[in-house]
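In: A structural model of the following input is requested.
(one chain, ligands or ions: 1)
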Amino acid sequence: MHSFNFDKPINRLQTDSVRWDKFDPHIIPLWVADMDFASPPCVIEALKQRMNHEIFGYTHAPEGLKEHIATYLAAQYQWKIEPEWIVFVPSLVSSLYSLAKNLTDPQSHILTLQPVYHHLLHAAQHSGRDYSQIPLSTQDYRLVLDPESISSSVKSNSELLFFCNPHNPGGAVYTREELTQIAKVCEQHDLILCSDEIHCGMVYPSQIHTPIASISEDAAERTITLMSMNKTFNIPGAGLAWMVCKNKELRKRAMRDLGTLIPDPQIFTYIATQSALLHGEPWRQALMDYLDSNRQLLKTVMGDLPQLRLYQMEASYLGWISCEQLKLDDPSELFLNHGVALQPGYMFQQPDHVRINIATPKDTLNAALSRIRESLVGF
Ligand SMILES: Cc1ncc(COP(=O)(O)O)c(C=O)c1O
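Out: Reported below is the predicted structural model:
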């Protein structure tokens, strides 16, 4: 029986943390998506061992890492892939930008979602291609992608759809039925599907993550899936992501710029990822139990605050909150003035919402939720 202590406070101030060092120390920062928990002991031990070697030269991926990933994906998601379909990249975000250009013609049109993690939009914008955002619809405080709205946004030169599952910031884990419909529409319009599945290791009990590429043979041929252990094992500062692409021709295009404009992944990131894959499962399960109890706490508090509405959180530690009733241009400012930094909704093209990160010890989460409650007095 393993025991991991997620309640233990770890001071992250003055550690060059993007999340903790941006604001005054009295602010509780629940914005950027990393966790206030130590990474799994197996990851820390593997990094220490590598450190002890004392030489940090140019390094390639460890022998067998692709095979380990293929085994992991089969075990976790019943997704059978060949190791050669995997391409390592140093970050998922940089791949979004390179794929937007490498997979499409300069005269083409790209589709992305609204709201969505900002880099999925910015990658389309930055590509210089024409682009549209497909508005997600809200059903029972769950953000869903209606296949008809894909069809109505498609143009004759549309080539690529940027998709995100589990969805950030909405928190939805799309069902097999939903994914089947989306894949079908992509087939009808001959769209390449680029699916950001970085949060897939953190789905809550009663949810199942299904890689969209596993839906059908056609989906497998037209999809590039982006994944990483970064989020789940709290190693985003160490990097490493990978693409899975069955289609050889697409894979070749996706690999352009790798090792040149996009650097090779670094030595420590391979070690951290390999250790997480091979030995991190007990820690991941304990993490999900802890996050689930934080999710319950958040739900309970939000249930008492009629001014705010929490979307269904089916995965990950990011809660999407509607503040429409407050009628403020930027509700994150209200919470910041009361000592809690949340991610402003305008980052995800929905200014009357905020996103909260609950991957923090309960004492910290409780303190932040009390401040949020106090900030609403008078509204
Ligand atoms: C949907 C999504 N994609 C990508 C990333 C970041 O990926 P990376 O750190 O590998 O660049 C994040 C981080 O929050 C995310 O939420």
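
In: So what touches the host helix or strand of Glu148?
Out: Using DSSP states H and E, Glu148 sits in helix 147-153. Outside helix 147-153, the residues that touch it by Cβ atoms under 8 Å, 6 or more residues apart in numbering are 111, 132, 134-135, 137, 161, 181-182, 184-186, 188-189. From N, CA and C alone the C-beta is placed, and that goes for glycine too.

In: mind putting the residues you listed in a markdown table, secondary structure and distance to the ligand included?
Out: Below are these laid out as a markdown table (DSSP: H, G, I helix; E, B strand; the rest coil; distance: Cβ to the nearest ligand atom, whole Å):
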| residue | secondary structure | distance to the ligand |
| --- | --- | --- |
| Leu111 | strand | 16 |
| Ser132 | strand | 19 |
| Ile134 | strand | 16 |
| Pro135 | strand | 18 |
| Ser137 | strand | 20 |
| Leu161 | strand | 15 |
| Gln181 | helix | 21 |
| Ile182 | helix | 17 |
| Lys184 | helix | 24 |
| Val185 | helix | 21 |
| Cys186 | helix | 19 |
| Gln188 | helix | 26 |
| His189 | coil | 23 |
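
In: what distance separates stretch 218-236 from the centre of its chain?
Out: Chain-centre distance of stretch 218-236: 9 Å, with Cα atoms, centre = their mean, to the nearest Å.

In: Ok, stretch 155-173 next?
Out: 12 Å.

In: Burial check on Met347, number of neighbours?
Out: Met347 has 18 neighbouring residues, counting by other Cβ atoms under 10 Å.

In: Where does the prediction get shaky in the protein?
Out: Scanning the chain for pLDDT under 70 picks out 1.

In: quick one, strands of it?
Out: Taking DSSP state E as the test, the strands found in the chain are 28-30, 86-89, 109-114, 130-135, 137-138, 143-144, 158-164, 192-196, 223-228, 241-244, 309-310, 318-322, 340-344, 353-357.

In: Double-check Asn230 against Ile198; I have them as touching.
Out: Yes: counting by Cβ atoms under 8 Å, Ile198 is a contact partner of Asn230 at 6.9 Å.

In: Are there residues contacting both of the two? Which ones?
Out: What both Asn230 and Ile198 touch, as defined by Cβ under 8 Å, 6+ apart, is the set 92, 241.

In: Just the CA coordinates for the lengthiest helix in the chain, please, in PDB.
Out: Determined from DSSP state H, the single longest helix within the chain is helix 281-303. This file holds the C-alpha atoms of helix 281-303, laid out as PDB (Å, rounded to 0.1, in the frame of the first residue of the first chain):
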ATOM      1  CA  GLU A 281       0.600   4.500 -11.600                       C
ATOM      2  CA  PRO A 282       0.100   4.200  -7.800                       C
ATOM      3  CA  TRP A 283       0.900   7.900  -7.400                       C
ATOM      4  CA  ARG A 284      -1.500   8.800 -10.300                       C
ATOM      5  CA  GLN A 285      -4.300   7.000  -8.700                       C
ATOM      6  CA  ALA A 286      -3.700   8.600  -5.300                       C
ATOM      7  CA  LEU A 287      -3.500  12.000  -7.000                       C
ATOM      8  CA  MET A 288      -6.900  11.400  -8.700                       C
ATOM      9  CA  ASP A 289      -8.400  10.500  -5.300                       C
ATOM     10  CA  TYR A 290      -7.100  13.800  -3.800                       C
ATOM     11  CA  LEU A 291      -8.100  15.900  -6.800                       C
ATOM     12  CA  ASP A 292     -11.600  14.300  -6.700                       C
ATOM     13  CA  SER A 293     -12.000  15.400  -3.000                       C
ATOM     14  CA  ASN A 294     -10.800  18.900  -4.000                       C
ATOM     15  CA  ARG A 295     -13.400  18.800  -6.800                       C
ATOM     16  CA  GLN A 296     -16.100  17.900  -4.300                       C
ATOM     17  CA  LEU A 297     -15.000  20.800  -2.000                       C
ATOM     18  CA  LEU A 298     -15.200  23.200  -4.900                       C
ATOM     19  CA  LYS A 299     -18.600  21.900  -6.000                       C
ATOM     20  CA  THR A 300     -20.000  22.300  -2.500                       C
ATOM     21  CA  VAL A 301     -18.800  25.800  -2.100                       C
ATOM     22  CA  MET A 302     -19.900  26.800  -5.600                       C
ATOM     23  CA  GLY A 303     -23.300  25.300  -4.900                       C
END
